[in-house]
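**Q** A predicted structure for the sequence below; I have some questions about it.
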Amino acid sequence: MITFVLMVNRQGQTRLCRYYQPVNTSRRTVLEADVVRACLSRSRDQCSFVEYKDLKVVFRQYAALYIVVGVTEDENELSIYELVQNFVEVLDKYFNRVIMFNLDRVHIILDEMIQNGRIVETNKSNILAPLNALDKMGDG
């Protein structure tokens with residue numbers, strides 16, 4: 001099960017977070033700091049999987065951002081890595097360049113892909129359908 005998804009910049013600042021299990025605010029701060037530090041300290045030739053307490057962490061760099069996903073131990077790391085790749089491809093398909101000014105749209109994309117910590121959609125067209133409908137309403 002997916003427990004959280006983070007997008008952080010190279011300085012380790014969280015730009016987007018979505019938790020699928022309840023975590024109190026003080027624990028979130030520590031968890032994010034520890035997980036991000038572990039991911040950012042790895043070199044490019046090291047794998048993108050890290051263990052953190054009772055979680056496995058899968059991450060990938062996308063331009064100036066890192067996408068970090070925490071999962072339970074029973075989850076397959078490679079399937080999550082593929083999910084991150086798919087997420088990046090959907091972001092590339094929808095946005096021209098700057099996504100940090102459109103975080104509401106990134107949340108919609110993430111919510112179309114993951115619900116309650118489970119992957120529910122991977123088809124890019126299906127994921128983007130609600131955003132395309134919103135965009136058409138805005139143009140009309």
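**A** Nice, I can see it.
**Q** am I right that Met7 sits in a strand?
**A** Yes. Counting by DSSP: H, G, I helix; E, B strand; the rest coil, one finds Met7 located in a strand.
**Q** that one is in contact with Thr14, isn't it?
**A** Yes. Counting by CB atoms under 8 Å, Thr14 is a contact partner of Met7 at 7.4 Å. No exception for glycine: its C-beta is placed from N, CA and C like everyone else's.
**Q** ok, the two, which is more surrounded?
**A** Using other CB atoms under 10 Å, the more surrounded residue of Met7 and Thr14 is Met7, with 22 against 15.
**Q** so what's that one up against?
**A** For Met7, the contacting residues are 14-17, 65-68, 106, by CB atoms under 8 Å, 6 or more residues apart in numbering.
**Q** burial measure for the closest residue in space to Tyr62 that isn't next to it in sequence, as a count.
**A** Spatial nearest neighbour of Tyr62, excluding adjacent residues (CB to CB, 6 or more residues apart in numbering): Val88 at 4.9 Å. Val88: 16 surrounding residues under other CB under 10 Å.
**Q** for Leu128, same thing?
**A** Other residues close to Leu128 by other CB under 10 Å number 18.
**Q** do you know how far it is from Val84?
**A** Separation of Leu128 from Val84 (CB to CB, to the nearest Å): 17 Å.
**Q** with Asp34 instead?
**A** 20 Å.
**Q** with neighbour numbers in mind, choose between the two.
**A** Val84 (19 against 13).
**Q** do I have it right that that one meets Val58?
**A** Yes. Using CB under 8 Å, Val84 is in contact with Val58, at 6.4 Å.
**Q** what do these two both touch?
**A** In contact with both Val84 and Val58: Val69, using CB under 8 Å, 6+ apart.
**Q** show me where pLDDT drops low in the protein?
**A** In the predicted model, the chain carries pLDDT under 70 at residues 97-100, 139-140.
**Q** in it, which spans are strands?
**A** Using DSSP state E, the strands of the chain run over 2-9, 14-19, 49-52, 55-62, 65-72, 114-115, 118-119.
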